[in-house]
Every structure is written in C-alpha cells, then in structure tokens.
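Visitor: here is the input, now give the coordinates:
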Amino acid sequence: MYKRYRTNLLLAIFTLLCYVSVLLPPAWWFVLGFFALLIPVLLLVNAILSIYWLFYRRYLKSLVSFGVLLIGFPFLKATFTWSFPPATLPKKAFTVLSYNVRVFNAFQFTSNKPSRQIIDWAKYDRAAIKCFQEFYHHPKSDVFNTLHTLTKRETYQYFFKPSFIDGKGGQFGLAIFSKYPIVQQGEVEMYDNSPNDAIFVDVVIHRDTVRIYNVHLQSMKISTQRIANTNRHNFNRNISDLAARLRNGFIARSQQIDHLVEHINHSPYPVIVCGDLNDVPYSYTYFRLKSTLKNTFEQAGRGFGYSYNSTWLLIRIDNLFHSPQLQAQDFYTHQEVGYSDHYPIKGTYSINK
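Guide: Take a look at the predicted model:
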C-alpha cells in the first residue's frame, strides 16, 4: 500500500516544504528562494491530481492532494481574489496610488511623446497620495521638471529623495506627493547600502496621522527579451546568469525587507506601504510584510492583479500593504495604462475607529 501512495505522499511533503520556505529568509540559504518560486506550479499540479484521483475513485490520494491545496489557501488568495467595492465609500475615505514610472521613459525613447503621456497621466490622476518609484526630475528640463509639473495643477506637498544624480543634473529616486499635510519625513536606509531605498512621510488625514512608506526593493535585473531569445547555443550561459541574478535578488531583498519591517514595527502611527517589491507573492519578502500588515489586493482586489507590463510574464510585484487600523475599501490595477513596464496600482482606505 505504501508503494501505491509513495509518489503522491512525496509530492505532498515537498509541496509543504516549499510552503514553509516563504517563512525563512533566503539570506540564510538562497535555495529557499527557488523553492518558493515552485509554489504556483505545485498548487496547479495538486489541483489537477485531486480531480484526477477523484475521477478514478482513488479517494485517499485525492484527499491528500486536496488537503495540500487547503493548506496552501494563503497562496491561492495571494494569486487570485474577488471582492466587491462598497456602493458608497465612507465620507473620510482616501486613495493612495503607487506607480513605478521607469524614469518617465526619459532614456527609452528618442521622442518626448511617451514621456509626456506618462507624466500627464501621473499629473491628472486624482489620488490624494501618490508614491512613485524610479522617479526622475530635471529642474532645467521643459519635459522632466516633474516636481513642478505634478504640483502645478493641484496643491500637493511632496518629499523627494534622490538616490542618484547624473552628469546632466537629472535626479533619480523615490517620491511621495500628498494633498494632506506632511508633518514628518524620513528615509529608511537599506541593510546593504544599495541604491534601492525606502522613504516615509507622516500625513494628517482628518485629524488622524498615517505613515506612508514608498519602497523600491532590489531588482533581479532580468531581461525578458534575453530569456525569449534563448536558444540551444546560449541556453547554459543564459540559465546560469538567470540563476545568479535570482540568487542575488533573493538574498538582498530578504535583508532589505527585514530592515524595513523593523522600522515599520517602531512606527507610532498606522502605516501604508506602497511600492515595487520586485518579488512575487510566493516569497519571503511578501510574507514577511504580511506577518505585520494586511495586503490591500487580497482584502479588496479583483482577479489576478498582474502589475508587471509584459505579454507573457504575468506576475504581481507591485503592492500596497496596510495596518489593521485601516480598512481597505477598494483596490485597482490600472492595466489600461501601459506607459511603463509596471502598471499603476491604487488602494482606497478608511480609518477604523
């Protein structure tokens, strides 16, 4: 009997071990990050097997696969969710935008038109709080004087933290814009002193203070075009390079997120974390934040919520998290806005009393 069920049991045990891997930092052992990436595949395999064994009346095998699926429900919810926005929002609800703007396409195109399109979209969006990653500002440019442009139409206070200044005076970094008063601002220096960073502002919203974090974690720097062009001649070289980039990313982000969560835990106010995590929901990065905060997509989103603008790499790496003292009313991914390699995401919140 054991031999009949051995394969099914081994798959179930391996799946459970992969579940556990998201709770352990890849900085301890980078292989944990690769285990975590297998979770969506294992979920699909166990779902197929639970139906397959049920069809052939192998009820115990089906029960094992189905039980593994039930245990993996947090991963299923992080993949797909469905909620209905309230018919009417609370009177004091407010909206937060997070958008990786890819330096407003300053270097991807020879024409200014794509840059003006993304800057105009960012300017005319009505969110009360806007967080931008890969923000670019050039005070002497007609097109890229973005701090002026984004505050010209409506009154926003802002905090911009440049992490790099190029030879022409262009500034790159993180930016937060707020219609509400900013009473404090600061930076969270990452563990490894990398160019990736996190900043925060404390804003007063209807007599309550909320801390807003804007985060951009270590990128894997993976070229989707290079993967697509992989053939039998360069397969080994490209796979080896991909594995090294993944490994380095796993380790760096696990250190960065630990440092960020420590900072969040010392916040005197409820928090909202916005940003580009550069990691999927099946990761230590994601579940480390979930150990402290709620994910807005899971609470109030619809569908899969893919946030990376790619024709085949359907992943959600941009996120909004919030403290339990806040109630997520709605979440939306602007997949109709294709100006950057990321889609804008937006959450609407109210403050629990």
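Visitor: correct me, but residue 348 touches residue 327?
Guide: No - using CB atoms under 8 Å, residue 348 is not in contact with residue 327, being 9.6 Å away. (C-beta placed from N, C-alpha, C; glycine too.)
Visitor: who has more neighbours out of the two?
Guide: residue 348 (22 against 17; other CB atoms under 10 Å).
Visitor: for the one helix or strand residue 20 maps to, which outside residues touch it?
Guide: Element membership for residue 20, per DSSP states H and E: helix 2-21. If you take CB atoms under 8 Å, 6 or more residues apart in numbering as the criterion, helix 2-21 is touched by 32-33, 35-36, 38-39, 42-43, 45-46, 49, 53, 60-61, 64-65, 67-68, 71-72, 75, 284.
Visitor: again, but for stretch 28-48
Guide: 11-12, 14-15, 17-19, 21-22, 24-26, 65-66, 68-69, 72, 75-76, 79, 246-247, 249-251, 254, 280, 282-284.
Visitor: quick check on those: which are buried?
Guide: Of the members of these, the ones counted as buried by neighbours, 16 or more other CB atoms under 10 Å, are 11-12, 15, 18-19, 21-22, 24-26, 65-66, 68-69, 72, 75, 79, 246-247, 249-251, 254, 280, 282-284.
Visitor: now do the strands in the protein.
Guide: With strands called from DSSP state E, the chain shows them at 81-82, 94-100, 129-137, 157-165, 171-178, 182-188, 197-205, 208-216, 271-276, 294-295, 302-303, 318-322, 326-333, 345-351.
Visitor: turn those into TSV, including mean pLDDT.
Guide: Formatted as TSV, those follow (pLDDT from 0 to 100):
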stretch	mean pLDDT
strand 81-82	92
strand 94-100	98
strand 129-137	96
strand 157-165	92
strand 171-178	96
strand 182-188	96
strand 197-205	95
strand 208-216	97
strand 271-276	97
strand 294-295	98
strand 302-303	94
strand 318-322	98
strand 326-333	97
strand 345-351	96
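Visitor: can I get the ones you listed in JSON lines with distance to residue 113?
Guide: Putting the strands of the chain into JSON lines (distance: least, CB to CB, whole Å) gives the following:
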{"stretch": "strand 81-82", "distance to residue 113": "36"}
{"stretch": "strand 94-100", "distance to residue 113": "19"}
{"stretch": "strand 129-137", "distance to residue 113": "16"}
{"stretch": "strand 157-165", "distance to residue 113": "25"}
{"stretch": "strand 171-178", "distance to residue 113": "21"}
{"stretch": "strand 182-188", "distance to residue 113": "33"}
{"stretch": "strand 197-205", "distance to residue 113": "30"}
{"stretch": "strand 208-216", "distance to residue 113": "26"}
{"stretch": "strand 271-276", "distance to residue 113": "25"}
{"stretch": "strand 294-295", "distance to residue 113": "36"}
{"stretch": "strand 302-303", "distance to residue 113": "31"}
{"stretch": "strand 318-322", "distance to residue 113": "25"}
{"stretch": "strand 326-333", "distance to residue 113": "24"}
{"stretch": "strand 345-351", "distance to residue 113": "24"}
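Visitor: if I look at the closest residue to residue 117 other than its chain neighbours, how far off is residue 116?
Guide: Nearest residue to residue 117 in three dimensions, chain neighbours excluded: residue 339, at 5.5 Å (CB to CB, 6 or more residues apart in numbering). Separation of residue 339 from residue 116 (CB to CB, to the nearest Å): 10 Å.
Visitor: the more surrounded of the two?
Guide: residue 339 (22 against 16).
Visitor: how close does that one sit to residue 183?
Guide: 32 Å.
Visitor: for residue 269, same thing?
Guide: Using CB to CB, we find residue 269 at a distance of 10 Å from residue 183.
Visitor: okay, and the common contacts of the two?
Guide: 202, 209.
Visitor: more neighbours: which of those two?
Guide: Neighbours were counted for residue 269 and for residue 183 using other CB under 10 Å; residue 269 has more, 16 against 11.
Visitor: what sits against the more buried one?
Guide: By CB under 8 Å, 6+ apart, the neighbours of residue 269 are 202, 209-211.
Visitor: now with 6 Å, please.
Guide: 209-211 (CB atoms under 6 Å, 6 or more residues apart in numbering).
Visitor: report the buried residues of stretch 99-119.
Guide: Those would be 99-106, 112, 114-116, 118-119, for stretch 99-119 by 16+ other CB under 10 Å.
Visitor: ok, residues contacting that stretch?
Guide: Residues contacting stretch 99-119 (CB under 6 Å, 6+ apart): 132-134, 136, 143, 149, 276, 339-342, 344.
Visitor: and residue 296, how many neighbours does it have?
Guide: 29.
Visitor: isn't it up against residue 329?
Guide: No - using CB atoms under 6 Å, residue 296 is not in contact with residue 329; the gap is 9.5 Å.
Visitor: neighbours of residue 54, how many?
Guide: Neighbours of residue 54 (other CB under 10 Å): 15.
Visitor: tell me the contacts of it?
Guide: Contact analysis of residue 54 by CB under 6 Å, 6+ apart lists residue 62.
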